[in-house]
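Colleague: Sequence and predicted structure are below.
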Amino acid sequence: MMSSSSLAAPLNKTRTADVKPIRLQLDPMRLHEPARSKLSTVETQRIMVVFDDLVQKMELIEMLPVIVSHADLFKNIIDTETMNEIYRHEELKQAYETNSSIRTISNIIEKLPQLENYTRRFDKSLSYNANEKIAYHYYIQQSIRNVLRRLLQHNRFDAVKHILKNNNLLPPPKDLMRVLKMLRDSAMERFLTTPLEEREKVDQMKNLSIRLSSNEAVIAKLEKELNDAVAERDAEIKARNDEIRKIQSDLNNVERNQQEMLKRIRMETESAEVSETKNSEGRRHKLQMDINACRQKLQEQQQKNKKTESDLRKEKWRQETGLETWLTKYDNEMRQKQDEYDEIETAYTEEKRLLIELEERFEKLKEEYDKIMAERDDEEKRLAMEKALRERRWRAAGHIQRFWLGYKVRKGLKAKKKKKGKKSGKSKK
């Protein structure tokens with residue numbers, strides 16, 4: 001049977017041969033750190049300003065219900081007219097959420113600044129409820145624009161957010177806000193990333209893929225070796241348990257035979273003693289001698305059985321001690337192998353997570369790249385069409401000029417011919 005030390009030697013040798021060539025060539029976290037820290041073009045700066053304004057307006061929209069419910073906190077920050085606009089907007093939104101008729105909120109609509117009566121533009125082909133819903137959308141859009149315009153015009157965003165934060169009243173961000181911020185960060189990172197960094201990310205992705213394949217092969221081999229070792233351990237334990245049960249059975253048989261023999265000898269002795277006592281006193285002495293001989297034989301048999309039992313117990317103790325030693329040694333080796341396997345699995349899980357993140361990021365970058373290339377192709381086609389149109393115009397202008405010059409020449413020749421004709425007529429007269 002293969003021992004644990006002989007089993008561990010090939011396992012360690014194989015693991016060393018497989019894992020040693022794998023090295024971390026690049027830091028995966030550098031993929032998230034562009035070399036540039038500032039935007040270099042005016043166009044990208046304008047795009048990021050639009051992103052920041054959009055995020056700021058969305059945050060203000062989420063803060064409006066909290067501002068209404070805690071208006072006392074903002075009486076020194078927001079003027080009365082702006083607060084009235086916010087109140088009217090909230091009333092309009094509540095009316096829309098409760099499916100109230102527009103007629104019930106006519107007083108609110110009349111107070112909204114620079115808003116037309118949208119009911120005059122109802123589409124007769126739609127139902128009244130559908131027209132009301134469209135009108136609600138129009139009024140709510142215009143109302144929120146007025147509120148945001150007034151708040152941002154007076155630069156109240158930072159002050160409002162500071163008050164809400166100090167009073168633990170900031171509303172939790174919604175999914176749309178998280179998506180907008182993620183989109184803003186993604187765009188910022190895309191604008192800061194250079195083509196050289198793009199190529200470096202591609203190379204790092206290839207290295208991560210190679211390392212992932214190598215680690216999967218190592219893990220599969222280690223799992224196979226672990227399963228083989230566990231199966232071999234189970235077979236060894238089963239064999240030793242069978243041997244222990246066999247020894248225990250033999251020991252029980254010896255004890256049972258000893259008791260039966262003692263009982264039989266005792267019964268035979270008592271029977272003989274009774275029968276001989278009845279016969280004669282002369283044979284009693286002889287029987288007593290036989291009894292003593294039987295007792296001596298019994299003692300010798302007991303001594304022999306005790307020695308056999310002692311030897312069997314020693315053998316049992318030796319077997320159990322050896323088995324416990326082997327089990328302890330095997331558990332220690334398996335614990336070491338499990339620790340190594342856990343480390344490799346942790347590294348594999350982390351690398352797999354990084355790979356998934358990078359794949360998602362590259363999918364987004366590929367979509368942006370395809371979009372940019374499509375726009376570039378459209379621009380090239382437009383320029384080519386403009387160039388062809390200019391050339392056609394130039395050729396047409398040339399034809400027109402040549403036609404006009406020909407026309408002028410012919411006209412001049414005709415005029416000269418007429419003058420010559422008149423002169424010749426006068427001379428004849």
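Modeller: Yep, that arrived. Numbering: from 1, shown residues only.

Colleague: Please enumerate the helices of this structure.
Modeller: Under the criterion DSSP state H, the chain contains helices at 4-19, 42-69, 80-97, 106-111, 128-153, 157-166, 175-192, 195-279, 282-428.

Colleague: Mean pLDDT for those helices - can I get that in JSON lines?
Modeller: Listed next are those as JSON lines, based on pLDDT from 0 to 100:
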{"stretch": "helix 4-19", "mean pLDDT": "37"}
{"stretch": "helix 42-69", "mean pLDDT": "83"}
{"stretch": "helix 80-97", "mean pLDDT": "80"}
{"stretch": "helix 106-111", "mean pLDDT": "63"}
{"stretch": "helix 128-153", "mean pLDDT": "77"}
{"stretch": "helix 157-166", "mean pLDDT": "81"}
{"stretch": "helix 175-192", "mean pLDDT": "81"}
{"stretch": "helix 195-279", "mean pLDDT": "86"}
{"stretch": "helix 282-428", "mean pLDDT": "86"}
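
Colleague: Could you save these as CSV and add columns showing mean neighbour count?
Modeller: For the C-beta atoms, the positions are set from N, CA and C on the backbone; glycine is no exception. As requested, those are arranged in CSV below (neighbours: other CB atoms under 10 Å):
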stretch, mean neighbour count
helix 4-19, 14
helix 42-69, 15
helix 80-97, 17
helix 106-111, 13
helix 128-153, 16
helix 157-166, 14
helix 175-192, 14
helix 195-279, 13
helix 282-428, 12
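
Colleague: mind listing what residue 89 touches?
Modeller: By CB atoms under 8 Å, 6 or more residues apart in numbering, residue 89 lies in contact with 64, 140, 143, 144, 146, 147.

Colleague: Is it correct that the fourth one is in contact with residue 61?
Modeller: Yes - with contacts counted by CB atoms under 8 Å, residue 144 reaches residue 61, the gap being 6.5 Å.

Colleague: quick one: contacts of stretch 245-256?
Modeller: Under the criterion CB under 8 Å, 6+ apart, residues 305, 308, 309, 312, 313, 315, 316, 319 lie in contact with stretch 245-256.

Colleague: quick one: the residue nearest the centre of the chain from residue 344, how far?
Modeller: Closest to where the C-alpha atoms of the chain average out (CA atoms, centre = their mean) is residue 353, at 6.2 Å. Separation of residue 353 from residue 344 (CB to CB, to the nearest Å): 15 Å.

Colleague: what do you get for residue 279?
Modeller: 90 Å.

Colleague: Residue 320 now?
Modeller: Distance, residue 320 to residue 344, by CB to CB: 36 Å.

Colleague: quick revisit: if we only consider the contacts of stretch 245-256, which is nearest to residue 179?
Modeller: Residue 179 has its nearest neighbour among those in residue 319, at 68.5 Å by CB to CB.

Colleague: Next up, the contacts around the closest one.
Modeller: When contacts are counted by CB under 8 Å, 6+ apart, residue 319 touches 240, 243, 244, 247.

Colleague: where's it relative to residue 312, distance?
Modeller: On the measure of CB to CB, residue 319 and residue 312 end up 10 Å apart.

Colleague: With residue 254 instead?
Modeller: Going from residue 254 to residue 312 by CB to CB gives 7 Å.

Colleague: before we move on, what about residue 139?
Modeller: To residue 312, residue 139 is 100 Å away according to CB to CB.

Colleague: ok, now residue 55?
Modeller: Residue 55 sits 84 Å away from residue 312, taking CB to CB as the criterion.

Colleague: from memory residue 170 sits against residue 163, does it?
Modeller: No - assessed by CB under 8 Å, residue 170 is found out of contact with residue 163, at 9.9 Å.

Colleague: so residue 86 touches residue 66, yeah?
Modeller: No - applying CB under 8 Å, one finds residue 86 not in contact with residue 66, separated by 10.8 Å.

Colleague: For residue 320, give me its contacts.
Modeller: With CB under 8 Å, 6+ apart, residue 320 has these contacts: residue 244.
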